[in-house]
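Visitor: Build me a model from this:
(chains A, B, C and D)
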There are 2 protein chains.
Amino acid sequence: MLGMLREPHSGYDIKKTFEKSLRSFWRAELSQIYPLLQKMEDEGLLTSKAGASEKGPTRRVYKRSAKGREQLQSWLLEGPVVGTERIGYLAQTYFLANLKDDDKAIEFMQDLRTYLSDWLASLEDAEDEWRANDPGYPDKLSDESFYPQLTLDMGLAKVRVGVEWCDRSIARIRDRQAKRNNA
Amino acid sequence: MLGMLREPHSGYDIKKTFEKSLRSFWRAELSQIYPLLQKMEDEGLLTSKAGASEKGPTRRVYKRSAKGREQLQSWLLEGPVVGTERIGYLAQTYFLANLKDDDKAIEFMQDLRTYLSDWLASLEDAEDEWRANDPGYPDKLSDESFYPQLTLDMGLAKVRVGVEWCDRSIARIRDRQAKRNNA
DNA sequence: TTTATCATGTAAATTGTTACATGATTTA
DNA sequence: TAAATCATGTAACAATTTACATGATAAA
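Guide: As a prediction, this is how the structure comes out:
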């Protein structure tokens, strides 16, 4: 939130940024965002201003304070946040033998492959669009765009290996099935 | 937990499994595990038995019930759990421009690279040991070992791309620095 | 006139972390 | 005798999700 609030944005705007640019590695619901904005303002990390909106209720925009900027910097200086990932589909994969029907396991992997390849397609679309609209892509980007591009690069790499892994895994499950039927 | 409790294990055992075999994609603290075991027993998903231990307090082992087994299966049949990942270091990377000193960003990436390459080494060690002790590795594993091996395979692939991405990113930040100094 | 989008929030429940608290046995 | 490991748990707090609740405007 501190990272996004260099310029003033509403809770609704922040949600859109989560969905548009950060969804490869972070999500948050509006019901988490709104209370947190209030709490951060109480703590002096943000300031807010109410203003008219084109549609719907009054829009309240938040912006980080000097204290907020400092806190963001010290978070970055603390070093990489690691070791907290939880990947639900890998936890499931680990225990897939409990299905006791390899066809169900293949189905699981195919569903996962579909999800990941759709995701890959959407990242590739985002990259194509970026390349088409920004002549500096990817080697002459502004500071503001460069680091986000690094995360897109990682998103693409990560999702590609995910798809490959699904393909490899499906082939290996089939192979085991074939061996079992021969025996 | 349901996946692990096909055979009876204590909370302490479960914690060790998290640290040894699942830590690439899931972690849990003892202070979460113990209350959850009790809650799941209350819900009829687990049964427990107290027994003597070699050291320390009485050991209580839990095992899943028929209802627990069914719940595990229906979780697996619901399809892959996706879209919930939160990758802290990528959230930080996205906002690294806020450091306003590229050397600090390089340091960040180097720290991350160290973490990931240590992790890779430990996964490779685990694989080497597995290969040395199990003549069926990796193509003739039992059902019980096959799916866990798939998650190890993914862990290796994922961490390798992470290390490569760090290297690529460090080079690109340096490149930008050099261009800036020439200008 | 229905649906989508804009826009804000609260309430209840669940989940998870950090810190605290205890105590036995084995090994260095 | 100190540290490591085995082993269990509680308390306080923090974070997060799901469901609920409202209502305006614009486009199909």
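
Visitor: Which residues does the helix or strand of chain A with the lowest mean pLDDT contact?
Guide: Here the helix or strand of chain A ranked lowest by mean pLDDT, DSSP states H and E is strand A:46-51, holding a mean of 93. Contacts of strand A:46-51 with the rest of the structure, by Cβ atoms under 8 Å, 6 or more residues apart in numbering or on different chains, involve A:1, A:5, A:8, A:37, A:40-41, A:58-65, A:68. In this view, the C-beta of every residue, glycine as well, is placed from N, C-alpha and C.

Visitor: Minimum pLDDT in these, which residue is that?
Guide: Note: of the contacts of strand A:46-51, the lowest pLDDT belongs to A:Thr58, at 87.

Visitor: The least confident helix or strand of chain A near DNA strand C anywhere?
Guide: No - using Cβ under 7 Å from any atom of the strand, strand A:46-51 stays clear of DNA strand C, coming no nearer than 8.3 Å.

Visitor: where's A:Tyr34 relative to DNA strand C, distance?
Guide: For A:Tyr34, the distance to DNA strand C (Cβ to the nearest atom of the strand, to the nearest Å) stands at 5 Å.

Visitor: Name all residues that make contact with that residue.
Guide: A:Gly11.

Visitor: For A:Gly136, which residues are in contact?
Guide: A:Ser142, A:Ser145.

Visitor: try A:Leu30
Guide: By Cβ under 8 Å, 6+ apart, A:Leu30 lies in contact with A:Gly11, A:Tyr12, A:Lys15.

Visitor: would you list every one of the helices in chain A?
Guide: Here chain A has its helices, by DSSP state H, at A:11-20, A:30-42, A:66-77, A:88-94, A:102-133, A:143-182.

Visitor: Mind checking the pLDDT average for the shortest one?
Guide: In other words, helix A:88-94. 98.

Visitor: Identify the residues contacting that helix?
Guide: With Cβ under 8 Å, 6+ apart as the contact definition, helix A:88-94 has outside contacts at A:108, A:112, A:169, B:3, B:21-22, B:24-26, B:75-76, B:80-82, B:84, B:147-148, B:150-151, B:154-155.

Visitor: make it 7 Å
Guide: A:112, B:3, B:22, B:25-26, B:76, B:80-82, B:84, B:147-148, B:150-151, B:154 (Cβ atoms under 7 Å, 6 or more residues apart in numbering or on different chains).

Visitor: Go back to those and keep what's next to DNA strand C.
Guide: Of those, not one also sits near DNA strand C (Cβ under 7 Å from any atom of the strand).

Visitor: Report the lowest-confidence entry in those.
Guide: B:Thr84 (93).

Visitor: Could you find the closest non-adjacent residue to it?
Guide: Using Cβ to Cβ, 6 or more residues apart in numbering or on different chains and skipping residues adjacent in sequence, the residue nearest B:Thr84 is A:Gly88, 5.8 Å away.
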